[in-house]
Every structure is written in C-alpha cells, then in structure tokens.
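[1] Sharing a model that was predicted from the sequence below.
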Amino acid sequence: MRLKLMLLVAMTVGLCVAENQTRQITVERPNVIVIMADDLGYNDLGFQGSPHIKTPHLDALAASGVIFTDAHAAAAVCSPSRAGFVTGRYQQRFGHEANIPPLGKGIDTSERTIGQAFQSLHYKTAIFGKWHLGNDESRYPTELGFDEFWGLREGSRSYWYEPDKSDKPGNFHAIEHNGKQVPFEGYLSDCLADRAIEFVKLSGKNPFFIFLSFTAPHTPLHAKPEDLKAADNNPYVALIQNMDMNIGRLLNTLQAQDLRENTMVWFLSDNGGIADQASNLPLNGKKGLKFEGGQRVPFILSWPARLHAGQRYDALTSSMDIYATSYAAAGGQPFTDKPLDGVDLIPFVTGARSGAPHAQLYWRRLGCAAMRDGRWKLIRIPGSLAALYDVEKDLGEKNNLAQSMPERAGKMLAALKNWETQMVDPLWSEGKYWTDWTAKTHAAMFESKTGTSEKTEK
C-alpha cells in the first residue's frame, strides 16, 4: 500500500511539473505582429528623419527596440516583395518575380508560408489588409496558413466603401472576410486596426501571429478631413499620420491586455515610396527601381521581454529575416526540405553571434537585377554595362564605379549569375512597356549624378 502511495505521489508530482513546464513554454513563446506599410518613403517617419511628418507611436516603437539601418524588402514592388516576406525565401525560387499576378498565378502553394509555420506551432493566425499574392481560391489566405482574413486580395483600393467600384461584387479589390465580400463603415486604415485589436482581445492567453498589412500610404491618396487638417492638407502625410495613430491604438491594446512585453512587433514597408510627396532621401531611386530607394526600407523590431531598447543595428538585413527570426523565437525548428533564405536576427542583435546575417543579398525582376556584397552595390540591366556603387561612401548611388573598378564589378556579376542558377524563370511578365521603361530608367540613372527619373511606375 505504501509503495502504491509513493508511486501515486511521484506520478502526481511528475504531472504537475509537466503541466508547469507546459505553462512556462506557453508564457515564454512570444506573440508576433508584423505591421507592413505600402509604398512608404524611406524618410517619411519621424525616427527616420522626416522634419514634417509626425509619427510619435512609431518613433516610440523604434526607441523601444531595434532599428535596422541597412534593411531591405525582398523586391522593389508589392507582390514579389510580399512573396519573399511570407515565405522567408527568395521569391525567384518559385517564379514569383513580376508584380500583379494574373488569375491562376501567384505564390507557389507548395511553399510553406509564415502563417502555416505558426499554425504548426498552434498559434492563432490572421491577416488584416492587403494580400496581393494571387486571386484564385487555392491562393486564398485561409488556404495558406491564416485562420482569419479581413482585407483585399489584390493591390490598392479606395479607403472608403465603394459598392459600385472597389467593392463591386467579384472585384478582387473588395473587402472580404474569410471568403465572403463584406461592407464596411468608416475609413479603411481604421477598420484594419479595429480588426487587429479585436483579434488581440479575443486571443486570451493563446499565442497569436498577426500580419497587419496596411494599404497606406499607397495611392489613391484618400484621407479623412480631420487627418488632412492635422497634415496641412497634404493627403500623403495624412495617410501616414493616420496609420501611426492606428498603430498606437494597437500597441495600447497590447499594453492593456498585459501582452506588450512578450509580443514581437515588427514594422517595415513593402518597398520604397513613389508618390509625388514621398521622400526616400538620402537614398537614390524609388519603388520599382534597383537603387537603394526602391527596396531599402524602414525596419523595426521591438520585443521588450528579450531585446534592449534604443538599439541600432547596421549590418545587412532583409524582410525575409522576419520569418526565420519569429519562427525560431516561437520554438520552431529549421526546415530541411525548403530551407529559409532569411536568418534568425536575434543572435546577431544580442551579440551571441558575430559578423553579418547576410554577406550578400540579391534582387531580380524581369531582367533587371541587383546585389549587395557588404558595402558594395551592383545593378545589372539587359544589354548594358552594370553599375557599381560603394554605398558606405556614396549612399545616394551617384558615382558609378563600374569602369574604374572592373575586377570588383566582374566578381559581383559572376556571383549574381551563380545565384541565378539556383532560381527559376518568372512565371508571368508585366508587358513590354514596363520592362523596357525599367531598363531605360536604370540606364539613364547610371550616367546621372542627380538621381531619380521623373516618370514613375504604378
């Protein structure tokens, strides 16, 4: 009888220990929120140096964590950029190289999205806002790792409900909730934040992953009257300041729910700015171009439970790193079948690992390609000599060194070609006009000391 009692006590203690360990693991696993702006200028935030755009909530978020100063989107246009982020892999590996996928094309459904990765760890997952990774049903967010979707399948749209245009039945720009078109009241950016806040409140103690994918400040430049007044009637500025206010609402909700400390909050843009009012200074170029202004973006990670506030990290980083970093923080194990190109940034930020997360990064879109090799930047276009820049000394990419440093340029061209052997051909194109315009614009800028071409890409 005594032996049975001892065994019962031991089993009870063991179960309690196991239960406590499970609770501890649950508590330690961070929630993750990725906030993505759309076509945001590099300089168009307070902490990035804007003298006239007021972003107090993003400034505070940046101050509470790490600012990555040499961070890059996976592409200089929306859809391939998001494909790289959501898979953590170069989107050229699965042919998602061009923008605006036609019906039946888009993200490769055999890829493992960040949503699917977090679902495998028993997180609740959601996307609120812009998807833009394919319009057909097999590529719908709820088919690819997101428990909840409230947003639009494709591109940009009005910031107001438009039953006869954006929200016309069957329009892929219409707002949908888990497969069904829905009306909405009010201003779209406010509504997206409302849905994210509601999701947080309903999560309880269950860990969650949220992709808050704003359409702001992408055109059309629609702003609320009160936001316009606060922005001196500049609608682009109003869009950004409204987005900042909504991010503040979300952060306040996390604080009120006692979730802020152990929530990883990322912020970035999907690519560089392009609106007439946007500023990518001190960078050269804009959305759609391989210069730094096309794909170098504001990039923040705040995780108070793990990372010290007030940090700046200057080594080369990518939006693909969000997947690898967040998944590892949640306890995920590395993939062997389709390894991530992104890197876990935490050991680098904390000093546990030395060196840079990436020695090189690569970009390609329909013939125009680029790479970074540390301080060196190479841009290659069809039928033309490549351009070479030292972005450490020449961040504005004005001084083309390709002719004066042919060995360096040749070495990087060879590395770029080697990277391309691991990729596949693009599965769709954007038409001859934009392909030719992109190549001609780059060629003209190679010879220019002043920078951006006047014509813009949509």
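    Cool, got the structure. Remember, it's a predicted structure, so these values are computed and weren't measured experimentally. Numbering: from 1, shown residues only.

[2] where does the stretch 1-150 of the chain have low pLDDT?
    1-27 (pLDDT under 70).

[3] Who are the contact partners of the nearest residue to residue 77 once chain neighbours are set aside?
    Ranked by C-beta to C-beta, 6 or more residues apart in numbering and with sequence neighbours excluded, the top spatial neighbour of residue 77 is residue 99, at 4.4 Å. Backbone N, C-alpha and C define where each C-beta goes, glycine included. Going by C-beta atoms under 8 Å, 6 or more residues apart in numbering, residue 99 touches 77, 78, 79, 80, 365, 430.

[4] Now, those that are in strands?
    residue 365 (DSSP state E).

[5] and the contacts of residue 99 as JSON lines, adding distance to residue 65 and neighbour count?
    Formatted as JSON lines, those follow (distance: C-beta to C-beta, whole Å; neighbours: other C-beta atoms under 10 Å):
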{"residue": "77", "distance to residue 65": "28", "neighbour count": "29"}
{"residue": "78", "distance to residue 65": "25", "neighbour count": "25"}
{"residue": "79", "distance to residue 65": "28", "neighbour count": "25"}
{"residue": "80", "distance to residue 65": "27", "neighbour count": "31"}
{"residue": "365", "distance to residue 65": "31", "neighbour count": "25"}
{"residue": "430", "distance to residue 65": "36", "neighbour count": "18"}
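
[6] tell me which residues in stretch 154-161 are buried?
    Within stretch 154-161, the residues that count as buried by 16 or more other C-beta atoms under 10 Å are 154, 155, 156, 157, 159, 160, 161.

[7] quick one: that stretch to chain centroid distance?
    Offset of stretch 154-161 from its chain centre (C-alpha atoms, centre = their mean, to the nearest Å): 19 Å.

[8] again, but for stretch 220-227
    24 Å.

[9] What's the mean pLDDT across it?
    In this model, stretch 220-227 has a mean pLDDT of 98.

[10] Report the buried residues of it.
    Judged by neighbour count (16+ other C-beta under 10 Å), stretch 220-227 contains these buried residues: 221, 222, 223, 224, 227.

[11] cool, stretch 256-275 as well?
    Buried positions in stretch 256-275, judged by neighbour count with 16+ other C-beta under 10 Å: 257, 259-260, 262-275.

[12] Centre of the chain to that stretch, how far?
    Here stretch 256-275 is found 10 Å from its chain centre; the criterion is C-alpha atoms, centre = their mean.

[13] How about stretch 39-50?
    Offset of stretch 39-50 from its chain centre (C-alpha atoms, centre = their mean): 15 Å.

[14] same thing with stretch 40-52?
    Worked out by C-alpha atoms, centre = their mean, stretch 40-52 lies 17 Å from the chain centre.

[15] List the contacts of that stretch.
    53-56, 58-59, 62-63, 67, 217, 232, 236-237, 240, 244, 269, 272-273, 275, 278-283, 293, 296-298.

[16] and the end-to-end length of it?
    One end of stretch 40-52 to the other measures 15 Å (C-alpha to C-alpha, to the nearest Å).

[17] buried stuff in it?
    Buried positions in stretch 40-52, judged by neighbour count with 16+ other C-beta under 10 Å: 40, 41, 42, 43, 44, 45, 46, 47, 48, 50.
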